[in-house]
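quick one, fold the following:
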Amino acid sequence: MKANRWIYSLLVLLSGMNLQAQTAPEMPKLVVVVVIDQLRGDYLDYSLPVFGDKGFKRLMRNGLCYRSVEFDLPNKCEASSVADIFTGASSYYNGIGGDAYFDWEKNREISIVEDENFIGNYTSARVSPLSMTASTIGDELKIASQGQSRVYAIAANATSAVLSAGKYANAAFWLDETTGQWATSTYYKEFPSYIENYNAHEAIGNYQEWQWKQSYASFTPLPYSDLKDPFTYKFAKNDNARFKKMKHTPLLNAEITNLAEKFFDNAGFTRQKTPDMFILHYYAGNYEDSPASSDYNYEIQDIYYRLDKEIEKLLELIERKIGLKRTLIVLTSTGYYRPLPKQNTIFKPAGEFYPNRCTSLLNMYLMAIYGRENWVKGYFDKQIFLNKQLAEEKQIKWNDLLTSAAEFAAQFSGVRHVTKLADDSRLPVRHRGDLLLELQSGWVIADLPNVSPQPIAIPTAPLIFFGENVRKEQVANPVKATQIAPTLSYLLRIPAPNACKERPLVVVSD
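Model (predicted):
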């Protein structure tokens, strides 16, 4: 009898241990997602000697640090990267294939978030997140909490702000390039009075002049800069482009942190039973007006040095005003960077590709086969657009026209590969062209005005989880950007975004 009781007690103990092992991790009260545009993991490593101990080093040493997060993007850009992170789905499923598309009827480029149905608040821009066809993490949190959870996003640009905030957020804010004030769309119903007060007295647009001076006397991480003297940039009131320029400097990052403090003080984070989400977008790309001719310039080193100070300040604010034990912090990159235009005489492109010449010759070729009509609408963002309506009117098989165009375009010098986008499941159907051109390495686009260098994938884009129950580990194996959303969904105990097909990462300690 005693033996039976002993066995029963042992079974109960083992059962309890098993239940304890399967218990879900404690849910954070606040999730702070920090997305740093163009953040490079290799530059973080190079900059560690000049970083303090309370910024990036703290996150990397005391959190779970994935050394490489991969973005499967046919078009590497701000919009598609942000959409991938927050929907957990590729461009084909979330509807965001690029920063903009070309409207051939209006004959102009249109932002992917432009929406004439909503006016701007503190801005003339009309935007909404409705071009995104999938839900975001914030959307699912709002649905699960029946609107009780608070979701806010702050970014330099409207694109990042609204696409990360999603459809049901309390609000999304970005810096207006005309006024230097924080703006939003009337799509969102909330514009807190403390943001209005900040715009009136503290926003970057209230000052006559801003100055960015090199902050560190002797940088050594990247010793290849062709500029020897310390730099100074002044952003005067009479410069109409000053706020646009400032978005690519540490001044923008400091402004983001300052505004974030107002939210920590006034937004009511953690005051309700359900968790909240706060999304911050910082910048770590090149200063586009730099006179330097390479990406190893003092400006980018100063951006990283000062960004570390902003991360340190952000962690201190969270610890003091919210409590790190109640907060989960997720930090990642957008997975690409834009190089500076090559201005020196050492670099010579392998060749020059002329899109206008390509489309003109392609149209002549199609005219010789199908008749003297305008078969090619034009070229935009590495894509060729054909006249499908004309093909239908002339009763020409669309696939025959598409195949003929693809075979001809593939013969142009510098073209590595031509993809018929009807066969490519990576891009959404809406707004996409008919042929996607991939150029040979080293070739540049020549005859289009104001074309910046093509974005380059970052092989070492970092992803860091930092929180009370997160395990401390450095992981070399790559993970997908689309795994971030289901991971946060699991930790928040909500469904993953509705287009997400990925499994969550295991980030908590046993």
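
what's near enough to touch the residue lying closest to Leu386 once chain neighbours are set aside?
In this structure, Leu386 finds its nearest non-sequential neighbour in Asp434, 4.6 Å apart by CB to CB, 6 or more residues apart in numbering. (C-beta placed from N, C-alpha, C; glycine too.) With contact taken as CB atoms under 8 Å, 6 or more residues apart in numbering, Asp434 is in contact with Gln383, Ile384, Phe385, Leu386, Lys388, Leu402, Ala405, Lys420, Leu421, Ala422.

what does Thr482 give?
So Thr482 contacts Asp72, Asp84, Ile85, Thr87, Gly88, Ala89, Ser90, Cys500, Lys501, Glu502 (CB under 8 Å, 6+ apart).

hmm, the last one is touching Pro486, no?
Yes. In this structure, Glu502 is within contact of Pro486 by CB atoms under 8 Å, at 5.2 Å.

now do the shared contacts for these two.
Common contacts of Glu502 and Pro486, defined by CB under 8 Å, 6+ apart, comprise Gly88, Ala496.

related to what we said a few turns ago, give me phi/psi at the residue nearest to Leu386?
phi -110, psi -30 (degrees, to the nearest 10).

cool, and Thr332?
Dihedral pair for Thr332: phi -150, psi 180, per degrees, to the nearest 10.

that one: neighbouring residues, count only.
21 (other CB atoms under 10 Å).

that one pairs with what?
For Thr332, the beta-bridge partners are Val35, Leu463 (DSSP bridges).

restricting to C-alpha, output stretch 466-481 in CSV.
C-alpha atoms of stretch 466-481 as CSV (Å, rounded to 0.1, in the frame of the first residue of the first chain):
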residue,chain,number,x,y,z
PHE,A,466,16.4,41.4,-25.3
GLY,A,467,14.2,40.7,-22.3
GLU,A,468,13.7,39.1,-18.9
ASN,A,469,13.2,35.5,-20.2
VAL,A,470,15.2,35.7,-23.4
ARG,A,471,18.2,33.4,-23.5
LYS,A,472,21.7,34.9,-24.0
GLU,A,473,23.3,33.5,-27.1
GLN,A,474,25.1,34.4,-30.3
VAL,A,475,23.6,32.5,-33.3
ALA,A,476,25.5,32.3,-36.6
ASN,A,477,22.9,30.3,-38.6
PRO,A,478,20.7,32.7,-40.7
VAL,A,479,17.0,33.2,-39.9
LYS,A,480,14.3,34.7,-42.0
ALA,A,481,12.9,38.2,-41.5
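
what are the ranges of the helices in the stretch 351-500 of the chain?
355-370, 388-393, 398-409, 484-492 (DSSP state H, counting those that start in this stretch).

by contact count, what packs against the longest one?
With contacts taken as 3 or more CB pairs under 8 Å, 6 or more residues apart in numbering; DSSP states H and E, helix 355-370 sits against strand 376-380, strand 383-386, helix 398-409.

what's the offset of that helix from the middle of its chain?
Relative to the chain's own centre, helix 355-370 is displaced by 36 Å; criterion: CA atoms, centre = their mean, to the nearest Å.

nearest to Lys189, of the helices of the stretch 351-500 of the chain?
Proximity to Lys189, assessed across these by CB to CB, is greatest for helix 484-492 (22.8 Å).

please state the offset of that closest one from the chain centre?
Centroid displacement of helix 484-492 relative to its chain, using CA atoms, centre = their mean, is 18 Å.

again, but for stretch 28-38
Chain-centre distance of stretch 28-38: 12 Å, with CA atoms, centre = their mean.

confirm Met132 sits in a strand?
No. Assigned with DSSP: H, G, I helix; E, B strand; the rest coil, Met132 falls outside any strand and is coil.

that one: neighbour count?
The number of residues packed near Met132 is 26, by other CB under 10 Å.

list the contacts of it.
Ala83, Thr87, Asn94, Gly95, Ile96, Leu163, Gly166, Lys167.

show me the contacts for Val162.
Under the criterion of CB under 8 Å, 6+ apart, the neighbours of Val162 are Val113, Val127, Ser128, Pro129, Ala153, Ala172, Ser185, Tyr187.

in stretch 436-455, what's buried?
Residues of stretch 436-455 classed as buried: Leu436, Leu437, Leu439, Trp443, Val444, Ile445, Pro455 (neighbour count, 16 or more other CB atoms under 10 Å).

same question but for stretch 64-73, I mixed them up
Neighbour counts over stretch 64-73 (16+ other CB under 10 Å) mark Leu64, Cys65, Tyr66, Arg67, Ser68, Val69, Glu70, Phe71, Leu73 as buried.

how far off centre is the helix or strand hosting the second one?
Read it as Cys65. Secondary structure assignment for Cys65, by DSSP states H and E: strand 64-66. Put simply, strand 64-66 sits 19 Å off its chain's centre (CA atoms, centre = their mean).

can you list the strands that the helix or strand following that strand pairs with?
With elements assigned by DSSP H and E, the helix or strand that comes after strand 64-66 is strand 69-70. Using DSSP bridges, the strands paired with strand 69-70 are strand 479-480 (parallel).

circling back: filter the contacts of Asp434 to the buried ones?
Among the contacts of Asp434, those classed as buried by 16+ other CB under 10 Å are Gln383, Ile384, Phe385, Leu386, Leu402, Ala405, Leu421.

out of those, what pair is the most spread apart?
The most widely separated members of the buried ones among the contacts of Asp434, counting by CB to CB, are Gln383 and Leu402 (12.8 Å).

narrow the contacts of Thr482 to those in helices?
Using DSSP state H, the members of those that fall in helices are Asp84, Ile85, Thr87.

my guess is the second one meets Pro486, correct?
What it means is Ile85. No. When contacts are counted by CB under 8 Å, Ile85 is not listed as touching Pro486 (11.5 Å).

hmm, back to that, so what's in contact with Gln383 and Leu402 at the same time?
Both Gln383 and Leu402 are contacted by Asp434, Leu435, under the criterion CB under 8 Å, 6+ apart.

mind checking which helix or strand the spatially closest residue to Phe56 that is not a sequence neighbour is in?
In space, and not counting its chain neighbours, Phe56 is closest to Asp308: 5.3 Å by CB to CB, 6+ apart. For Asp308, the host element (DSSP H and E) is helix 298-321.

only the buried residues of that helix, if you could.
Across helix 298-321, burial judged by 16+ other CB under 10 Å covers 298-315, 317-318.

same question for stretch 126-139.
By 16+ other CB under 10 Å, the buried positions in stretch 126-139 come out as 126-129, 131-139.

of those residues, which pair is most distant in space?
Among the buried residues of stretch 126-139, Arg126 and Ile137 lie farthest apart (CB to CB), at 25.4 Å.

rewinding a little: in this structure the residue nearest to Phe56 contacts Ser47, no?
Yes. Counting by CB under 8 Å, Ser47 is a contact partner of Asp308 at 7.2 Å.

what do these two both touch?
Shared contacts of Asp308 and Ser47 (CB under 8 Å, 6+ apart): Phe56.

mind listing the residues bridging to Ala171?
In beta-bridge terms (that is, DSSP bridges), Ala171 pairs with Tyr152.

any chance you could list what contacts stretch 41-51?
The contact list for stretch 41-51, computed with CB under 8 Å, 6+ apart, reads 56-57, 60, 67-68, 216, 219-222, 284, 300-301, 304-305, 308, 333, 458, 460-462.

and Trp174, what's its pLDDT?
Trp174 is assigned a predicted lDDT (pLDDT) of 98.

what's the burial count for the closest residue to Tyr296 other than its chain neighbours?
Ranked by CB to CB, 6+ apart and with sequence neighbours excluded, the top spatial neighbour of Tyr296 is Tyr224, at 3.6 Å. Applying other CB under 10 Å, we find 9 residues neighbouring Tyr224.

Tyr224 is in what secondary structure piece?
Going by DSSP H and E, Tyr224 is not part of any helix or strand.

any idea how far it is from Ile300?
Noted for Tyr224: a distance of 11 Å to Ile300, by CB to CB, to the nearest Å.
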